[in-house]
Structure formats: C-alpha cells, structure tokens
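Student: Got a predicted model here, sequence first, then my questions.
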Amino acid sequence: MSSVKSNQNIIPFLWFDNRAEEAMNFYTGIFPNSEITLLKHWGEGSPFGADKVMAGQIIINGLQVNLFDAGPQFKFSEAFSFFVLCKTQQEIDTYWEKLSEGGNESQCGWLKDKFGFSWQIVPDMLEDRLANGEPAKVAQMMQALWQMKKLNIAELDTAYNK
C-alpha cells in the first residue's frame with residue numbers, strides 16, 4: 001500500500017517510447033514526497049515482450065501521473081508541460097539542474113528533460129507579481145524574464161523594483 005496519497009480525479013497520462021520505467025525512477029528521484037506506486041509489465045504474448053514495462057503510476061511531490069510505454073507513435077511537445085512553483089532560488093537551481101541534465105534548456109524558465117518532456121521551473125513570487133503587481137513594474141520584470149533561460153529571483157525582483 002502506498003504511503004503517498006493523491007485525491008486527483010484528473011490525472012496526467014504520459015506516453016513513452018521504451019523509457020517509462022526510466023522516467024518513473026528519474027522523476028521520483030528528483031522531487032520530494034514521491035514514489036512509484038504501480039509498475040505493470042506487458043506479459044506473455046504481447047508485441048513488446050513479457051519483461052517490458054507497459055504502464056506505471058507515480059506520485060511526484062503529491063501529483064499522480066500515469067505513464068505508458070507503447071512505442072514511438074506519439075511524441076511530447078511544448079503544448080503540455082509541468083509548471084513547478086519554487087519558493088527559493090536553491091529550489092529553482094536544483095530542479096533546473098536535475099531536469100535539464102541530458103535535455104535542453106530553453107527560454108523563460110522552460111526546459112525539456114532527457115525524455116523530451118517540457119517543464120517550467122518558476123518562482124512563486126512571479127505568479128504573485130503577475131496576479132497582484134503594478135502593471136508598469138510587471139512589464140519591467142517581464143522584460144528581464146524574456147532574457148533569461150533559468151529564472152533568477154533576485155534579478156526578477158530587481159527588475160520589478162527599478
């Protein structure tokens with residue numbers, strides 16, 4: 001029985017090409033409050049081989065995610081990403097470093113991990129400023145943000161308070 005619980009009734013479902021188990025271990029190794037809660041193999045008579053992973057379920061920092069391993073028919077795109085809110089620069093730095101390893105850094109806090117899945121690593125102060133900040137200061141902050149790859153809280157704060 002799992003020690004990590006989720007009350008979700010809408011669950012992200014990610015399709016992998018022969019790397020779902022690797023992804024499950026990778027993601028649960030990065031985030032706190034995470035574990036693999038289900039790992040199912042294709043079994044005898046499948047076109048993928050009995051020992052190949054068919055599906056799995058993980059909890060990553062409280063978010064339930066289902067993974068499926070069924071070939072190259074579908075690829076990830078930036079149209080779907082996980083948005084990770086971070087309280088500190090250390091948290092941003094840690095997630096950025098671990099998730100971008102073997103992947104690609106992009107602009108404005110976006111990256112693709114080694115599986116091609118997109119993540120946004122964002123300070124929670126940004127979300128607060130966008131929702132409640134003064135429009136002119138938010139515009140200054142956004143100008144700074146558009147020049148960054150990994151987001152920097154101190155630089156965003158400085159730009160906001162210019």
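Tutor: Now that the structure is in, tell me what you want to look at. Residues are numbered from 1 along each chain as shown.

Student: Pro32: how many residues sit nearby?
Tutor: If you count neighbours by other Cβ atoms under 10 Å, Pro32 ends up with 8. Where you see a C-beta, it was placed from the backbone N, CA and C, and this is true even at glycine.

Student: Kindly report the same for the one 3 residues further on.
Tutor: Here the number of neighbours of Glu35 (other Cβ under 10 Å) works out to 13.

Student: Could you do Thr37 as well?
Tutor: 20.

Student: how close does it sit to Phe82?
Tutor: Taking Cβ to Cβ, to the nearest Å as the measure, Thr37 falls 18 Å from Phe82.

Student: Relative to Asn18, how far out is Phe83?
Tutor: Taking Cβ to Cβ as the measure, Phe83 falls 27 Å from Asn18.

Student: oh sorry, the question was meant for Gly116
Tutor: Taking Cβ to Cβ, one finds Gly116 at 13 Å from Asn18.

Student: so where do the strands sit in the chain?
Tutor: With DSSP state E as the criterion, the chain has strands at 13-16, 35-41, 53-60, 63-69, 81-86, 104-105, 110-112, 118-123.

Student: Nearest approach to Leu130 belongs to which of these?
Tutor: Closest to Leu130 of the strands of the chain is strand 118-123 (Cβ to Cβ; 10.0 Å).

Student: ranges for the helices of the protein?
Tutor: 20-30, 89-100, 124-132, 135-145, 153-160 (DSSP state H).

Student: Hmm, Gln89 is touching Lys150, no?
Tutor: No. At 9.6 Å, Gln89 does not count as touching Lys150 under the criterion of Cβ atoms under 8 Å.

Student: How about Gly43: what's its closest non-neighbour residue?
Tutor: Excluding the flanking residues, the one nearest Gly43 by Cβ to Cβ, 6 or more residues apart in numbering is Ala50, at 5.4 Å.

Student: For burial, what's the neighbour tally of that neighbour?
Tutor: 10.

Student: wait, it sits on Trp42?
Tutor: Yes. Between Ala50 and Trp42 there is a contact at 6.3 Å, judged by Cβ under 8 Å.
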